[in-house]
Structure formats: C-alpha cells, structure tokens
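Trainee: coords please:
(one chain, ligands or ions: 1)
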Amino acid sequence: MTPPVRTEGWPRWPPPATAEQRERLLRVLDSGRWGATAGTETDSFAAAFARSVGVAHGVCTANGTVALFLALRALGVAPGDEVIVPAYTFVASATAVVLAGATPVLADVTDTLHIDPDAVERLAGERTKAVMPVHVAGAPADTEALRDVAARRGLAVVEDAAQAHGAHRHGRPAGTLGDAACFSFQSSKAMTAGEGGIVVTDDRRVYESLWSLHNVGRRIQGGWYEHPGLGWNLRMTEFQAALLHPQLALLDGQLAHRAARAAALGRALDQVEGLDPVPAPAGTTRHTWHLAMLRYDAPAFGGHPKRAFLDAMTAEGIPLDTGYRSLSREESLAPYVARGRFRCPVAEAAEETVVWVRQAMLMADDEAMADIGRAARVVQRSFSREPFRD
Ligand SMILES: Cc1ncc(COP(=O)(O)O)c(C=O)c1O
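Mentor: Numbers count the residues shown, from 1 in each chain. Coordinates of the predicted model:
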C-alpha cells in the first residue's frame, strides 16, 4: 500500500494559550468576580472589540446564537414577523429567528454562497421585519444591495458576522455594514473562548435596548431589582472576556497568515481540474478565511460523489469538511420556516458540490497547502481508473 500524501498533522485550534491569557484568567479567578455584573473584564473587552470594528457599542453574550436573538429583538423583531435568512448557513442563523418568535424565510444564495439580494427583494412581504446577511466563510455579503432593498422596504439589517472577525467589504469592516452585527466566539471561530458572542452597533438606542434585553430587562443606571423591560440573562462571564481580550492583538497577524495560505492553496489547486475555489463576493477587501470553500466537480473525478472524495482525501491525510446542508432541506426547521415560498436550488446543489478547508488547516504552512493539491491529484488519478457506478 502506498503511504498517504500527508502524514504530518494539522495545527490545533484554538492555538495554545498565551502568557497574557493565563495571567488574565488567573486574575479573574483570584478576584472572585466571575460574573460580568461584578467584574470589569467583560465591559472592557466589549468596548475594545467595538473599537476594533469601528463602532461605538458592544454587548457581550453567552454565545453567538443568543447574540443573533438579542440583535433581532433589539431591532424590534417580534412574534409574527418574518426575517429573511440565507439557505446556506449554519442552522443557528435560522433558529435564532425562531427563538425570537419570528418566522425564518429562506433566500437562495448566489454562486458565492452568500444571500442573493434579488431573492430578498422577491421574498420581502408585509410581515418581513429584517434581513440577515451571513458573511459565510469570512467574506462579507453584498450589504450595499441588501441595504438598498432594506431601505425601500423598511427592514432592519442584522449582520451574522459569526465567521467574519476582521473582514472588510470595500474597506469597511464587517460589523459596520448593517444596523447591528453579531460575532461568535465559539471554539472554531477566529477569536474564541470556547463559547461566547457579541453584538455591536453604532446606534445608542439600539445599544441601550441590547443591554437591557441581555440583562434581564434592567436599565443601564437602574436598580438590581428594577426590570422596566422584558429581558433575559444572556451575559458572558468574566472568564470568557479574559480569554478573548488578548486575542484582539493577534487577529491581524492570523488573518494575514491565512490569506497567504489561501493564496498558496489557490496555486496548488490550479493544477487540479474540477476542484476550484468558490469566489468571494465582488467587493471583498479582507477575507478572514474562516473557511476556504471549494467546488467539487464529480465528472472530473470519474463521477465519484463528494462523499467518496472526502473519504479518499481523509485517507491521504487531508481531512476536508462536508459543509452545510441547505436549510431548505433541514427537517427540524420545516415546521418553523415560511413554507411554499422558497426553493433554494443553488444552496441545495452546494450540498453535493462544495467542500471546505477549515481555518485551522489554513494556519499550516505552504507545503501543507501543496499537500492538499497533491492529494487531490492522487485521488483523481485513482478515481479515473475506477469510474463510479451507482
Ligand atoms: C454563521 C453562523 N451563525 C451563527 C453561529 C452561532 O454561533 P454560536 O455557536 O456561538 O452560538 C455560528 C457558529 O457557530 C455560525 O457559523
């Protein structure tokens, strides 16, 4: 048996903790002020993150899903409303809408796998209250076109920037492209505390609403047992903020590293027919490379389906990811989405044709990217010797 193309492992994510993270964590631990209402880490991280994005306010949350829920509620989404979300995204983009008591309406995506503004235009109706562009893979969606539809239809724009820490569109940071934006700090993300999230906004009134909703309906200067609004405990802990704050200074370097690896991956794939990078939306000026999404063309691989390709690549030491199922095919969502008004052929086709190289793999070196190309050619040769028969 021939040995696999790659025997070396892949970088781990998150990377090992830094001295500053250890120090900050211990400081919180020893202070006994572990909750955000007692300590200062969470507020100081929220302010620093908002500054890094270029907006005035940030409210930290327990995770990215509740950040989306919180942003929707703060922008006035209520039971009975509809929110348009793309069909090619993590399920939480839609379940956050359900959590807010509203109905997700699934819009198909363009060939970049980002929400299609024309589909949003067609789907917006009387009950539509908001649209949620998802900056999938770390490239911002076409928010100018969406804001244009939103302005004409009176919709709020909530950016799902869970994968887009540091992304730019036409030089403007993700987080400034809508009325509010949500980032995730879950384990796989560019900045992580295992779990966590933040909503950022430039609008003081939205901020006050976010703050109150995430803090059991309290007011910023109000009393502990005064709850003038309805709200929940969606707060982050001081431990999460202590882990996150030092990562702000590391982000730019990591983004530059991944951009260089993505370029090397592109060069490696130039030599593989039928495995091509999915284009980022025109206007992407900084991609975070949370994912490098690739289009797999089965006919160029002897007709072997995507599943067989993924298994063969794993056997060569290259563990790619299968990526999302279109939310239009997610049975668990079916009772909650606006039915009969969506077909998402582009997102559905992506299920069979799109594979992912994850962020952690893009933290490796150029040689590792060359290995991905080599392994794909080895698999292609072996598949072409044995064409697939169903
Ligand atoms: C696009 C997208 N939206 C929302 C979420 C939800 O974030 P979390 O896992 O922090 O709840 C994630 C990540 O998990 C995501 O990738």
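
Trainee: quick check: closest non-adjacent residue to the residue of the stretch 51-200 of the chain found nearest the ligand.
Mentor: Closest residue of the stretch 51-200 of the chain to the ligand, CB to the nearest ligand atom: residue 64 (2.6 Å). (Glycine included, C-beta is placed from N, CA and C.) Spatial nearest neighbour of residue 64, chain neighbours left out: residue 184 (2.7 Å); criterion: CB to CB, 6 or more residues apart in numbering.

Trainee: count the neighbours of the one you found for me.
Mentor: Neighbour count of residue 184, defined by other CB atoms under 10 Å: 28.

Trainee: same thing with residue 174?
Mentor: Residue 174 has 29 nearby residues by other CB under 10 Å.

Trainee: so how far is residue 313 from it?
Mentor: In this structure, residue 174 lies at 30 Å from residue 313, with CB to CB, to the nearest Å as the measure.

Trainee: swap in residue 33?
Mentor: 48 Å.

Trainee: mind checking which of these two has more residues around it?
Mentor: Set residue 33 next to residue 313 and count neighbours by other CB under 10 Å: residue 313 wins out with 22 against 15.

Trainee: contact partners for the more buried one?
Mentor: 319-320, 375-376, 379 (CB atoms under 8 Å, 6 or more residues apart in numbering).

Trainee: now do whichever residue of the stretch 251-390 of the chain sits closest to the ligand: how many residues are near it, please.
Mentor: Distances between the stretch 251-390 of the chain and the ligand by CB to the nearest ligand atom are smallest at residue 290, namely 7.9 Å. Burial of residue 290 is recorded as 24 neighbouring residues (other CB under 10 Å).

Trainee: correct me, but it touches residue 137?
Mentor: Yes. The criterion here is CB atoms under 8 Å, and residue 290 meets it with residue 137 at 5.7 Å.

Trainee: need the residues touching each of these two.
Mentor: With CB under 8 Å, 6+ apart as the test, residue 290 and residue 137 both reach residue 163.

Trainee: could I get the phi/psi values of the closest residue to residue 181 other than its chain neighbours?
Mentor: For residue 181, ignoring the flanking residues on the chain, the nearest one in space by CB to CB, 6+ apart is residue 159 at 3.7 Å. Main-chain torsions, residue 159, degrees, to the nearest 10: phi -80, psi 130.

Trainee: so that it lines up with my notes, have the first residue be 609 from now on.
Mentor: Noted, 609 is the first residue going forward, which turns the last one into residue 767.

Trainee: quick check: buried residues in stretch 953-968?
Mentor: Under the neighbour-count criterion of 16 or more other CB atoms under 10 Å, stretch 953-968 has 954-956, 958, 962-967 buried.

Trainee: and which of the residues you listed is nearest to residue 881?
Mentor: Distances from residue 881 to those, taken as CB to CB, are shortest for residue 963 (15.4 Å).

Trainee: mind checking the SS state of the closest one?
Mentor: strand (DSSP: H, G, I helix; E, B strand; the rest coil).

Trainee: OK, contacts around it?
Mentor: Residue 963 makes contact with 901-902, 904, 914, 917-918, 928-931, according to CB under 8 Å, 6+ apart.

Trainee: list the contacts of the nearest residue to it once chain neighbours are set aside.
Mentor: The shortest distance from residue 963 to any non-neighbouring residue, by CB to CB, 6+ apart, is to residue 928 (4.8 Å). Neighbour list for residue 928: 902, 918, 921-922, 963-965 [criterion: CB under 8 Å, 6+ apart].

Trainee: can you tell me the element the residue nearest to residue 801 when sequence neighbours are not counted falls in?
Mentor: Of all residues not flanking residue 801 in the chain, residue 848 sits nearest, at 3.8 Å (CB to CB, 6+ apart). In this structure, residue 848 sits in helix 846-852 according to DSSP states H and E.

Trainee: helix or strand right after that helix?
Mentor: That would be, after helix 846-852 and using DSSP H and E, helix 856-877.

Trainee: now do that next one: which elements does it pack against?
Mentor: Applying 3 or more CB pairs under 8 Å, 6 or more residues apart in numbering; DSSP states H and E, we find helix 856-877 packed against helix 649-661, strand 883-885, strand 899-904, helix 974-993.

Trainee: so which of those comes closest to residue 722?
Mentor: Minimum separation from residue 722 across those (CB to CB) falls at strand 899-904, 10.7 Å.

Trainee: write out the residues of this structure neighbouring the ligand.
Mentor: 671-673, 697-698, 700-701, 742, 768, 770-771, 792, 794, 805 (CB under 6 Å from any ligand atom).

Trainee: circling back to that earlier point, these two touch, right, the residue nearest to residue 789 and residue 755?
Mentor: No. Between residue 767 and residue 755 there is no contact under CB under 8 Å: 10.7 Å.
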